[in-house]
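Novice: Using only what follows, build the 3D model:
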Amino acid sequence: MRSDFPILSDIIYMDSASTSLTPEPVLEAVLGYYREFNANVGRGVHRLSQLASLRYDDAHRKVAGFIGAGDEGVVFTKNSTEAINVVASGLGLGKGDRVVTTLIEHHSNFLPWLRLKRFGVDVSVVGLSEDGLFDLSYFEDAIDAKTRVVAVTHVSNVLGTVSPIREISRICGERGVLLLVDGAQSAPHMHVDVMELGCDFFVFSGHKMLGPTGTGVLWAKNLEAIEPSFFGGGMIEDVSIDACTLADGYERFEAGTPHIAGGIGLGRAVDYIKDTGMDAIEKHEARLTKKLLEGLVDIKGVQVYGSLNPGDRIGVVSFNVEGLNPHDVALMLDEVAGIMVRSGHHCCMPLMKNFGLGAGTVRASVYLYNTEDEVDMFLGVVEEVARVV
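Specialist: Okay, here's the model as predicted:
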């Protein structure tokens, strides 16, 4: 498999929580569109337009099947950020309504809701335990009669901890509250079935799951519950000088010419993951995560954040080396051994402030193309760095 990622020939890439690498078959699918049937979708009867439309529609069906959504309800966006904004702007929330979110959210699942405060919407933020896990009683207390939406991440992009979505969904269902799940960190790494989760909205990004940048997904149980944020060509059935009739399905949310090549590439990324096998990916990453956690905990001067139980999390691990700025540690890893990791606040400043981490953390994240030897190399370099402080 690693031959599909030629960039790995001289680096160790452990920053997939930010952006994953893109395998050759996905690149070939993107280039195949531009080389073989470069035409617009839904706007022509000639053979190139028909072929492009067929492949683009097929990509939607592949992605919907990937998350257990059947064949419908999937809208292509630029990323998870845009998908969440579409929901936050399109539900018509206003004065007297309440949104419940959490302390571990990426800014993309926090700022769109925070913005609604200017329209009189109350935003309540649920906390977490010291090991980064949720107590369901927090949600029981936070969700009241005015709550319209709960917005929560499936997996923390800082701590790697997995949220109890099914249990949160049960609480929301009992109280008639909509549930949006940010699956940017879960969809690439674990089985996702939106029907089993019981959520109303599920979003994720293509660029974190082997797909092209500029691709994302919004799934909605009921797309008609959302008012589109953008209007234009391709999203209507009829237009007069006085009114318009919106198209059914995903088209009503994809006004203008979409990222056709990106959507087709995302469909190919789904194929790649399925061909590899999500069970195999989960087992492989679980081994790497266990090795990563145990190794970091054993290094003197290293502080690991979040639960130390591998069963509570995926392969996203944040840590700091005592006496060093996280950016300096990241630079040392790159300069000494060509190891790429993330450092800083990880677009999660409220959580960092809660932990008292002004400069943030170092974050290592693994994916299907990483190896145990790479984890050993990473741990060895971190140990050297910690020793010389």
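Novice: For the spatially most central residue of the chain, which three-state class applies?
Specialist: What sits nearest the mean C-alpha location of the chain, by Cα atoms, centre = their mean, is residue 184, with 0.9 Å. For residue 184, the assignment made with DSSP: H, G, I helix; E, B strand; the rest coil gives coil.
Novice: Now do the contacts for the nearest residue to it once chain neighbours are set aside.
Specialist: Closest residue to residue 184 apart from its sequence neighbours, by Cβ to Cβ, 6 or more residues apart in numbering: residue 80 at 4.4 Å. Quick note: C-beta positions are derived from backbone N, CA and C, even for glycine. Neighbouring residues of residue 80 by Cβ atoms under 8 Å, 6 or more residues apart in numbering: 106, 108, 109, 182, 183, 184, 203, 204, 205, 216, 217.
Novice: Using TSV, lay out the residues you listed together with pLDDT and secondary structure.
Specialist: Below are the contacts of residue 80 laid out as TSV (pLDDT from 0 to 100; DSSP: H, G, I helix; E, B strand; the rest coil):
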residue	pLDDT	secondary structure
106	98	coil
108	98	helix
109	98	helix
182	98	strand
183	98	coil
184	98	coil
203	98	strand
204	98	strand
205	98	strand
216	98	strand
217	98	strand
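Novice: now those residues in JSON lines, with distance to residue 162?
Specialist: Converted to JSON lines, the contacts of residue 80 look like this (distance: Cβ to Cβ, whole Å):
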{"residue": "106", "distance to residue 162": "15"}
{"residue": "108", "distance to residue 162": "19"}
{"residue": "109", "distance to residue 162": "16"}
{"residue": "182", "distance to residue 162": "12"}
{"residue": "183", "distance to residue 162": "11"}
{"residue": "184", "distance to residue 162": "13"}
{"residue": "203", "distance to residue 162": "17"}
{"residue": "204", "distance to residue 162": "15"}
{"residue": "205", "distance to residue 162": "18"}
{"residue": "216", "distance to residue 162": "21"}
{"residue": "217", "distance to residue 162": "20"}
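Novice: hmm, back to that, look up how far residue 278 lies from the residue nearest to residue 184.
Specialist: 19 Å (Cβ to Cβ, to the nearest Å).
Novice: ok, now residue 157?
Specialist: Following Cβ to Cβ, the distance that separates residue 157 from residue 278 is 20 Å.
Novice: what about the two, which has more around it?
Specialist: residue 157 (26 against 16; other Cβ atoms under 10 Å).
Novice: Pull the number of nearby residues for residue 92.
Specialist: Every residue meeting other Cβ under 10 Å relative to residue 92 is counted, giving 11.
Novice: any idea of the pLDDT on it?
Specialist: Looking at residue 92, its pLDDT reads 96.
Novice: who touches residue 190 in this structure?
Specialist: 155, 162, 278, 282, 314.
Novice: my guess is the last one meets residue 191, correct?
Specialist: Right, the one you point to is residue 314. No. Between residue 314 and residue 191 there is no contact under Cβ atoms under 8 Å: 12.0 Å.
Novice: quick one: which of those two has more around it?
Specialist: Comparing residue 314 with residue 191 by other Cβ under 10 Å, the one with more neighbours is residue 314, at 26 against 14.
Novice: which ones are touching that one?
Specialist: 155, 160, 162, 185, 186, 189, 190, 285, 289.
Novice: from those, which two are the most distant?
Specialist: Put simply, by Cβ to Cβ the two of the contacts of residue 314 set farthest apart are 186 and 289, 14.1 Å from each other.
Novice: What number of residues are in the vicinity of residue 230?
Specialist: For residue 230, the neighbour count with other Cβ under 10 Å is 12.
Novice: wait, isn't it in contact with residue 256?
Specialist: Yes. Contact status for residue 230 versus residue 256: in contact at 7.2 Å, counting by Cβ under 8 Å.
Novice: how about low-confidence regions in the stretch 201-350 of the chain?
Specialist: Applying pLDDT under 70 to the stretch 201-350 of the chain flags no residue at all.
Novice: Could I get the full set of helices for it?
Specialist: 260-276, 278-297, 326-337, 349-355 (DSSP state H, counting those that start in this stretch).
Novice: what's the answer for the stretch 51-200 of the chain, then?
Specialist: Using DSSP H, counting those that start in this stretch, helices in the stretch 51-200 of the chain cover 80-90, 111-114, 136-142, 165-175, 194-197.
Novice: rewinding a little: using TSV, lay out the contacts of residue 190 together with distance to residue 175.
Specialist: Below are the contacts of residue 190 laid out as TSV (distance: Cβ to Cβ, whole Å):
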residue	distance to residue 175
155	24
162	23
278	32
282	32
314	29
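Novice: Enumerate every residue touching residue 318.
Specialist: Per Cβ under 8 Å, 6+ apart, neighbours of residue 318: 158, 159, 160, 304, 305, 306, 346, 361, 362, 363.
Novice: Okay, and which of the residues you listed map to strands?
Specialist: 304, 305, 361, 362, 363 (DSSP state E).
Novice: Closest one to residue 212 out of those, please.
Specialist: residue 363 (22.9 Å).
Novice: For the closest one, list each beta-bridge partner.
Specialist: Beta-bridge partners for residue 363, by DSSP bridges, are residue 318, residue 342.
Novice: On the pLDDT front, check it for me.
Specialist: For residue 363, the model assigns a pLDDT of 98.
Novice: and it, how many residues sit next to it?
Specialist: Neighbours of residue 363 (other Cβ under 10 Å): 25.
Novice: Report the contact partners of it.
Specialist: Residue 363 touches 15, 17, 158, 316, 317, 318, 319, 341, 342, 343, 346, counting by Cβ under 8 Å, 6+ apart.
Novice: I'd like to know which of those residues are buried.
Specialist: Listed as buried from these are 15, 17, 158, 316, 317, 318, 319, 341, 342, 343, 346; burial here means 16 or more other Cβ atoms under 10 Å.
Novice: Distance to residue 223 for those - can I get that in TSV?
Specialist: Shown next, in TSV, are the buried ones among the contacts of residue 363 (distance: Cβ to Cβ, whole Å):
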residue	distance to residue 223
15	33
17	29
158	31
316	31
317	36
318	36
319	41
341	38
342	34
343	39
346	31
